[in-house]
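Student: okay, predicted coordinates and the sequence, questions at the end:
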Amino acid sequence: MNFLKGLFVVLTVALLSGTAAAADKAIVIYFSHAGENNGVGYVQEGNTAKVAKTIARRVNADLYEIKEARPYSPKFEACVGQAKEEQRRNARPAIAGRLPDLSSYKVIFIGYPIWFGDCPMIIYSFLEKENLNGKIIIPFCTHEGSGLGKTAQNLQRRFPRAKVVQKGLAIKGSIAQRDPRMTAKSVEMWLKALKIVK
Ligand SMILES: Cc1cc2nc3c(=O)[nH]c(=O)nc-3n(C[C@H](O)[C@H](O)[C@H](O)COP(=O)(O)O)c2cc1C
């Protein structure tokens with residue numbers, strides 16, 4: 001329901017901020033790679049995108065997709081090669097389009113696929129352009145075995161004056177891609193555990 005989008009989401013943030021409850025506006029920011037991927041074949045929409053949209057729908061948050069200016073190959077091996085090279089160079093690949101104005105958001109969900117145990121370098125491009133200090137940052141990822149790795153701790157180190165939820169959500173990409181019910185259930189249980197929804 002579109003009219004709900006952009007409304008102030010009531011999030012119980014006792015756990016997160018020490019306050020009893022607050023009305024905080026939320027946005028779900030994500031990067032996701034469509035095309036050929038681990039165990040799911042060729043897909044129109046990436047695995048993380050599916051989780052991002054599930055979260056955004058559930059908490060009536062806005063959505064922002066981080067898109068690369070120079071597209072990664074839709075072919076798996078070629079994409080792996082590009083990504084590996086970027087990680088080796090600690091590159092900051094350019095982002096296509098405008099960055100979001102995050103000034104009105106208190107809660108930032110940020111989602112990414114795990115690439116070589118870490119975030120894709122384009123997430124670092126984004127994080128270097130946005131100051132998330134003072135925000136509540138809630139990470140989530142899709143992966144094929146690594147889980148979140150140290151990405152939540154790294155986010156906290158990068159933004160010491162943000163509250164980074166360390167219990168981020170990690171969903172297997174193949175489940176996110178193929179099983180929307182299981183994905184919605186995992187998202188629901190996670191949001192409940194964080195006391196974001198009842
Ligand atoms: C370049 C690349 C590197 C990857 N590295 C890992 C990894 O280190 N650990 C892991 O569990 N999965 C890894 N994967 C699998 C992805 O994390 C997984 O398929 C994810 O769901 C992809 O999400 P997306 O469709 O949103 O891009 C990698 C995939 C790619 C393309």
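Tutor: Structure's in. What do you need? Numbers count the residues shown, from 1 in each chain.
Student: secondary structure class for residue 141?
Tutor: Following DSSP: H, G, I helix; E, B strand; the rest coil, we place residue 141 in the strand state.
Student: burial count for it?
Tutor: 28 (other C-beta atoms under 10 Å). In this view, the C-beta of every residue, glycine as well, is placed from N, C-alpha and C.
Student: dump the residue contacts of it.
Tutor: Counting by C-beta atoms under 8 Å, 6 or more residues apart in numbering, residue 141 touches 48, 111-114, 119, 147-148, 151, 168-171.
Student: at 10 Å instead, please
Tutor: When the contact criterion is C-beta atoms under 10 Å, 6 or more residues apart in numbering, the partners of residue 141 are 30, 47-48, 51, 110-115, 119, 123, 147-149, 151-152, 168-171, 173, 176.
Student: quick one: least confident helix or strand in the protein?
Tutor: Least confident helix or strand, the chain: helix 14-17 with a mean of 48, by mean pLDDT, DSSP states H and E.
Student: can you pull the residues of this protein lying near the ligand?
Tutor: Counting by C-beta under 6 Å from any ligand atom, the residues of the chain close to the ligand are 32-33, 37-38, 46-49, 79-80, 83, 113-117, 142-146, 173.
Student: run the last query once more with 5 Å
Tutor: Neighbours of the ligand within the chain, by C-beta under 5 Å from any ligand atom: 32-33, 37-38, 46-48, 80, 83, 113-117, 142-146, 173.
Student: so which residue of this protein comes closest to the ligand?
Tutor: Closest residue of the chain to the ligand, C-beta to the nearest ligand atom: residue 173 (2.1 Å).
Student: residue closest to the middle of the protein?
Tutor: Central residue of the chain (C-alpha atoms, centre = their mean): residue 111, 1.0 Å from the mean position.
Student: can you confirm that residue is in a strand?
Tutor: Yes. Under three-state DSSP, residue 111 falls within a strand.
Student: is residue 53 within a helix or a strand, and which one?
Tutor: Secondary-structure element containing residue 53, defined by DSSP states H and E: helix 47-59.
Student: now do that helix: which elements does it pack against?
Tutor: Applying 3 or more C-beta pairs under 10 Å, 6 or more residues apart in numbering; DSSP states H and E, one finds that helix 47-59 contacts strand 9-11, strand 26-30, strand 62-65, strand 107-113, strand 136-143, strand 169-172, helix 173-178, helix 180-193.
Student: residue contacts, residue 38?
Tutor: Counted by C-beta under 10 Å, 6+ apart, residue 38 has contacts 47, 76, 80, 113, 142, 143, 144, 145, 172, 173, 174, 177.
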